[in-house]
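[1] can't give you the sequence, but here's the structure:
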């Protein structure tokens with residue numbers, strides 16, 4: 001009973017702390033302060049005395065993203081902090097776990113199990129807890145029928161105006177009461193309290209699924225030959241030989257097709273690319289999507305071929321060599337996608353999706369390398385999941401530490417001599433990029449003059465005068481808002497932007 005009371009007191013404390021530091025605040029210093037309490041406390045509470053390699057990676061991921069939230073508080077770094085913290089809960093449930101995939105599955109399972117665990121502990125203290133528990137189960141059975149009733153109400157009222165009128169009259173009375181009550185409810189405060197309470201529940205009442213634990217502990221990274229029964233051994237061997245021949249034929253044809261694709265890309269994209277002033281969306285967006293899809297399917301083909309005893313069949317040297325050639329050619333294809341994206345950036349400057357393509361290509365190349373290792377060393381899919389998940393986590397954490405809005409604004413304006421400056425989009429970048437977005441009318445006129453020469457379609461976009469007006473208005477709003485911020489919302493880059501914008505306004 002004492003332990004149960006402590007759990008509810010701790011949940012209440014987390015809810016209160018969360019509400020006090022996040023209510024009516026932007027994310028900044030408050031996130032770091034919250035996690036400075038959360039991480040050490042739950043490491044101590046779980047009895048974790050020594051961090052494993054995975055524990056170090058995840059804890060460092062949470063810590064670094066929290067620190068960089070204090071530095072620039074971009075949506076990307078905040079999102080990665082939430083992802084890292086979510087995975088960290090999964091690791092806390094299985095500190096000796098080997099795979100980030102296991103941590104993700106445990107954390108997902110905990111989303112459903114922790115509230116149930118909390119509710120069970122509440123009901124266990126009541127004298128008639130079995131009756132109440134039964135009542136909750138009965139109410140749960142009403143959820144689906146209520147959804148069905150609601151669906152048909154909407155369906156009938158949208159197709160029958162008389163039905164809609166009757167329904168509207170029925171709903172008018174409760175609607176008046178709801179409207180009356182809503183004016184006394186602070187939804188902003190309620191939302192923060194609920195979010196803090198849910199965070200407390202997930203940490204304090206965390207529960208793990210043993211099936212996932214067993215999968216992580218018992219799954220091998222090395223493939224083992226499956227021995228067949230004596231009766232079916234000959235038939236299985238013949239089937240395996242047929243699969244081997246089909247695999248060889250498939251990889252010969254696919255290698256020849258990909259060789260032609262790569263030769264054409266190297267000649268026309270790498271070496272002799274020419275831009276004639278047209279949009280490059282089809283060249284990059286559609287071409288990149290199709291090539292990346294091709295690479296992912298290629299990985300799938302290799303995983304299917306090397307899923308079992310084909311790894312151990314005598315004389316499979318030709319199949320392996322064709323597989324190596326296929327994987328290397330797909331790496332060349334990934335480089336071709338990078339070259340396409342590079343040309344796009346050269347002529348149309350930086351944007352989030354273009355940066356994202358490079359991040360995805362890095363993940364794809366590592367995926368191809370690990371598939372190569374899988375084939376050479378006869379590894380299982382568990383090995384691929386473990387290694388690629390770690391790399392993906394580290395790469396996404398590292399890239400989230402960059403203030404991309406500032407990088408984009410500086411790059412795009414400094415390369416206006418040959419790259420299109422999309423003023424419509426640039427003026428939507430975050431406030432921390434304002435010092436780099438703030439250009440004089442003379443600078444904008446010079447940029448427009450160069451743009452008119454290089455791009456025939458630039459007249460369709462925002463004029464320099466309109467851009468200048470928007471940025472000047474944004475500067476005023478930003479300075480006013482920043483001066484009213486609490487220290488809990490502090491982040492370094494916004495503060496630097498505030499000083500630069502305010503000093504520029506005094507000149």
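    Now that the structure is in, tell me what you want to look at. Quick caveat, the model's predicted, so the values are computed rather than measured.
[2] Tell me who's in contact with residue 324.
    Residues near residue 324 by Cβ atoms under 8 Å, 6 or more residues apart in numbering: 372, 375. No exception for glycine: its C-beta is placed from N, CA and C like everyone else's.
[3] May I ask which helix or strand encompasses it?
    Assigned by DSSP states H and E, residue 324 belongs to helix 317-348.
[4] and what of residue 224?
    Applying DSSP H and E, one finds residue 224 in no helix or strand.
[5] on that earlier part again, pull out the buried residues from the helix holding residue 324.
    319, 322-323, 325-327, 329-345, 347-348 (16 or more other Cβ atoms under 10 Å).
[6] just stretch 186-206 next, same as before
    For stretch 186-206, using 16+ other Cβ under 10 Å, the buried residues are 192-193, 196-206.
[7] As JSON lines, those with secondary structure, distance to residue 364 and pLDDT would be great.
    Listed next are those as JSON lines, based on DSSP: H, G, I helix; E, B strand; the rest coil; distance: Cβ to Cβ, whole Å; pLDDT from 0 to 100:
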{"residue": "192", "secondary structure": "helix", "distance to residue 364": "39", "pLDDT": "90"}
{"residue": "193", "secondary structure": "helix", "distance to residue 364": "42", "pLDDT": "92"}
{"residue": "196", "secondary structure": "helix", "distance to residue 364": "39", "pLDDT": "93"}
{"residue": "197", "secondary structure": "helix", "distance to residue 364": "40", "pLDDT": "92"}
{"residue": "198", "secondary structure": "helix", "distance to residue 364": "35", "pLDDT": "91"}
{"residue": "199", "secondary structure": "helix", "distance to residue 364": "34", "pLDDT": "93"}
{"residue": "200", "secondary structure": "helix", "distance to residue 364": "39", "pLDDT": "93"}
{"residue": "201", "secondary structure": "helix", "distance to residue 364": "38", "pLDDT": "92"}
{"residue": "202", "secondary structure": "helix", "distance to residue 364": "33", "pLDDT": "92"}
{"residue": "203", "secondary structure": "helix", "distance to residue 364": "35", "pLDDT": "94"}
{"residue": "204", "secondary structure": "helix", "distance to residue 364": "40", "pLDDT": "92"}
{"residue": "205", "secondary structure": "coil", "distance to residue 364": "39", "pLDDT": "91"}
{"residue": "206", "secondary structure": "coil", "distance to residue 364": "34", "pLDDT": "91"}
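[8] Let me see the ranges of the helices in the stretch 51-200 of the chain.
    Along the stretch 51-200 of the chain, the stretches classed as helices by DSSP state H, counting those that start in this stretch are 53-71, 75-93, 100-124, 129-159, 161-182, 187-204.
[9] highest average neighbour count across the ones you listed?
    Comparing these by mean neighbour count (mean count of other Cβ atoms under 10 Å), helix 75-93 comes out on top with a mean of 21.
[10] now that one, how far from the chain's geometric center?
    Relative to its chain's centre, helix 75-93 lies at 10 Å (Cα atoms, centre = their mean, to the nearest Å).
[11] now do stretch 205-224
    24 Å.
[12] Quote the end-to-end distance of it.
    39 Å (Cα to Cα, to the nearest Å).
[13] Flag every buried residue along it.
    Buried positions in stretch 205-224, judged by neighbour count with 16+ other Cβ under 10 Å: 205-209, 212-213, 216, 219, 221, 223.
[14] Give me the residues contacting the helix or strand hosting residue 292.
    Assigned by DSSP H and E, residue 292 belongs to helix 287-305. For helix 287-305, the surrounding residues in contact (Cβ under 8 Å, 6+ apart) are 243, 247, 250, 254, 319, 323, 326-327, 330, 333-334, 336-337, 340-341, 357, 360-361, 364, 367-368, 371, 374-375, 381, 384.
[15] again, but for stretch 494-507
    With contact meaning Cβ under 8 Å, 6+ apart, stretch 494-507 is reached by 28, 72-73, 431-435, 438, 475, 478-479, 482.
[16] And the furthest pair within the residues you listed?
    Based on Cβ to Cβ, the longest span within the contacts of stretch 494-507 runs between 28 and 438 and measures 22.4 Å.
[17] and the two? which has more neighbours close in?
    residue 28 (24 against 19; other Cβ atoms under 10 Å).
[18] That one against residue 73, yeah?
    Yes - using Cβ atoms under 8 Å, residue 28 is in contact with residue 73, at 5.1 Å.
[19] Give me the residue ranges of the stretch 1-150 of the chain where confidence is low.
    1-4, 125-144, 147 (pLDDT under 70).
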